[in-house]
Every structure is written in C-alpha cells, then in structure tokens.
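Undergrad: Below: sequence and its predicted model.
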Amino acid sequence: MTIDTEKLSRSFGEIQAVKGIDLHVERGETFGFLGPNGAGKSTTIKMLCTLLRPSSGRAVINGFDIEREAANVRRSIGIVFQDPTLDEYLSAEQNLYYHCMIYHTPRNTRQQRINDLLKLVGLEDRRKDPVKTFSGGMKRRLEVARGLLHEPQTLFLDEPTVGLDPQTRRSVWAHVLRLRQSTGLTIFMTTHYMDEAEYCDRIAIMDHGRIVALDTPEALKRMVGQDVVRLTTNETERAVAEISSWLNRPVRREEESICVEGEDGQALAAALIRKLTLADIEVNNVSVQAPTLEDVFVHLTGRAIRDEVAGAKERLGARLRSRGRLRR
Ligand SMILES: Nc1ncnc2c1ncn2[C@@H]1O[C@H](COP(=O)(O)OP(=O)(O)OP(=O)(O)O)[C@@H](O)[C@H]1O
C-alpha cells in the first residue's frame, strides 16, 4: 500500500475542512481526487505531503507515518503543486541541479538523472535556456521532472495543468503517462478537468470534507445511469412500434430521434439495427452516449465541474498576481 489513511481530519478553528477520511491507494495506481471548491482536497493533499499536521486520525505514506516519520515521507514523495516554484532566471538544467543539491542526490548520479528526466519530459533540447523563455506547458513539465529527481515512489500533483490550454494539457499528460508506464510510480492528483480524471485508475470525489464516492471512472459512470442510444429511421412511427414490442416497454422520442436506454449501448445499438433491418426499416443515423464523469460529479455534488474550472483559473491568476506584487 502506498497511501493508507484512517479517519484523517483537519480543522481550522470552527471549520472542519477534512472530516475523517479513509483512503487506500495501491502501488502503481494513478488516483484522482475531485471535488468542488472548498471540499478539502488541498488540505488533504497537504497533510499527506507533511505540509500540514492533521487534527486527528493518521496516514502512512510509502510505509512512513506522516507525523512521526515526516522526513522519510518527504524523501519518498515528489510534489508538483499549483504554485510555480521554478527559478525563472536559471536554465532548466540549473533548476534541476539546484534541487539535487537540496535533496543530497549523490554527485556521481546527478548528471545522468538530470539527462534522463529532461529526455523523459521532452526538454533535452532546451536544457541550457532560462526558464523565463519557456511556455506554461514546458514549465509544468520541468516541474514534473524536478519532482522526480530524487526517485520518489509517489508523485503528488495538485491541479498540475490548471490554466494551461487544452493542447498543452494533453502534452503534459502524455509525458506523465509515459512516466507512469516506465517507472511504476504511484500518482495521486487533484484536478478540475474531467478529461484528466479519465486517465485515473480510480477516483475519489470529495464534498464538504468527506469522500462521497470512490471507484473506477467506469464504475462511477455506471452508478449514475445507463447508456443512451439515439437513432433516426425512414419510418419513425413503425420503428417505435417495433422497438417497443421487442423491448416490451415504451420508448422515448426526442423530435425525430428514438431514444433507448441500456447497460451496454454499443451492443444495444447493434441489436436495434439488426431488428429494424429485419423489419425492412432503414436506419439513417445512430449514436451512443455514455454517462460522463461530469454527470457523476453533478449527481454527487449538485454542482457542475465547469464552474470549478473557472474558479480554479481565477485563483491561480490571483496567486500569480500576488507573487508579482511581492517581487516588486
Ligand atoms: N489555512 C486555512 N485557514 C482557514 N481555513 C482554511 C485554511 N485552508 C483551508 N481552509 C478552509 O478549509 C476548507 C477546505 O479548503 P481546501 O483548500 O482544502 O479545499 P479544496 O477542495 O482544495 O478547494 P479548491 O478546489 O478551491 O482548491 C475551506 O472551507 C477553506 O476555506
């Protein structure tokens, strides 16, 4: 087990941010942590990374207790958080070198490790360039490389791609997935993007400090509903009658489309086409729509994740602005 928590809790005065959560993440898993703003995700991840003490409960990361063995926990994990923390005036390579010194990476393996990681995140050609000349996605990839320099067993990513455009997000993810494949790393991440959550082996959805659902993306989607097959034919009335009598239940119509719900949309669509063709009814158009993780999120939290994305971007913008002010 890589992450094991028991009734992990944290309060800030009157506010109970995390209310006794139990999490068990296996080695090599990519585990997603979703939830509306203020659900308690950052508080949880900070406790797991030993940046914040729990009020009660316990957590063991890579075999080390977060309170009693915090230094060992830190050595065994890599962290990529929302706030960019690279030195803009140093080159990519210098940033990594600096991190090696902090973590006392053995001198004789430093250069090799830096080379390997720059290659892994596709930045070997830009190694000598100052980070301030990098795009947002390149910076985030460099942060991922830096988080892996000391060969952690678990990588924590807190909204690793917030504020990046969709193409850059895909590129960051392509590198993270390659890395997972080549190293067997455990990845624990928070995200507001549902397409990213789809990459996860399992997902926990948190709301008001509690875990309200935990399962594979597929199982979560099945929980909220069935697939919907929509089709149009050259003879709608007769098709409706045929399908209703075959299924022995009325079918729904949406304008010219006939809608049929079922567990396995692909198989249902194939069966419907067969049935209608046998009855000499021509099928013009078929689509299968599976429930999305967005549906799951709304079902469980009563809020759309799209609002959360906007909120997350705003927060990042505000943080960057306040960092700028501090520098000046
Ligand atoms: N340092 C703090 N002091 C007081 N309250 C805090 C502190 N940090 C978090 N909280 C409160 O704890 C609750 C959970 O916050 P947290 O940042 O963990 O949520 P989150 O799920 O990460 O939200 P977001 O998606 O907005 O980042 C919120 O009500 C927040 O206001």
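TA: Structure received. Numbers count the residues shown, from 1 in each chain.
Undergrad: Grab the nearest non-local neighbour of Glu143.
TA: Leaving out its chain neighbours, the residue that sits closest to Glu143 by C-beta to C-beta, 6 or more residues apart in numbering is Val80, at 4.9 Å. The way it works is simple: take the backbone N, C-alpha and C, and place the C-beta from them, glycine included.
Undergrad: What is the neighbour count of the one you found?
TA: 24 (other C-beta atoms under 10 Å).
Undergrad: try Ser182
TA: Neighbour number of Ser182 under other C-beta under 10 Å is 10.
Undergrad: so it, which of the three states?
TA: helix (DSSP: H, G, I helix; E, B strand; the rest coil).
Undergrad: Can you classify Asp195 by secondary structure?
TA: helix.
Undergrad: Count the residues that sit near it.
TA: 14.
Undergrad: ditto for Thr168
TA: Applying other C-beta under 10 Å, I find that Thr168 has 17 neighbouring residues.
Undergrad: pretty sure it contacts Gly137?
TA: Yes - if you go by C-beta atoms under 8 Å, Thr168 and Gly137 touch, sitting 3.3 Å apart.
Undergrad: Tell me who's in contact with Thr154.
TA: The contact partners of Thr154, by C-beta atoms under 8 Å, 6 or more residues apart in numbering, come to Thr2, Ile3, Ile61, Asn62, Ser76, Ile77, Gly78, Leu185, Thr186, Ile187, Phe188.
Undergrad: Out of those residues, which is nearest to the ligand?
TA: Phe188 (13.6 Å; C-beta to the nearest ligand atom).
Undergrad: For the nearest residue to Asp4 once chain neighbours are set aside, which residues count as its bridge partners?
TA: Excluding its sequence neighbours, the residue lying closest to Asp4 (C-beta to C-beta, 6+ apart) is Val60, at 4.6 Å. Per DSSP bridges, the residues bridged to Val60 are Asp4, Asp65.
Undergrad: my read: Val60 touches Leu8, true?
TA: No - using C-beta under 8 Å, Val60 makes no contact with Leu8, being 10.5 Å away.
Undergrad: Let's verify the residue sitting furthest away from the middle of the chain: helix, strand, or coil?
TA: When distances are taken from the C-alpha mean of the chain, Asp280 lies farthest, 46.8 Å away, according to C-alpha atoms, centre = their mean. At Asp280, secondary structure determined by three-state DSSP is coil.
Undergrad: roughly how far apart are it and the ligand?
TA: From Asp280 across to the ligand, the span is 55 Å (C-beta to the nearest ligand atom, to the nearest Å).
Undergrad: pLDDT value on that residue, please?
TA: Among the per-residue scores, Asp280 shows a pLDDT of 94.
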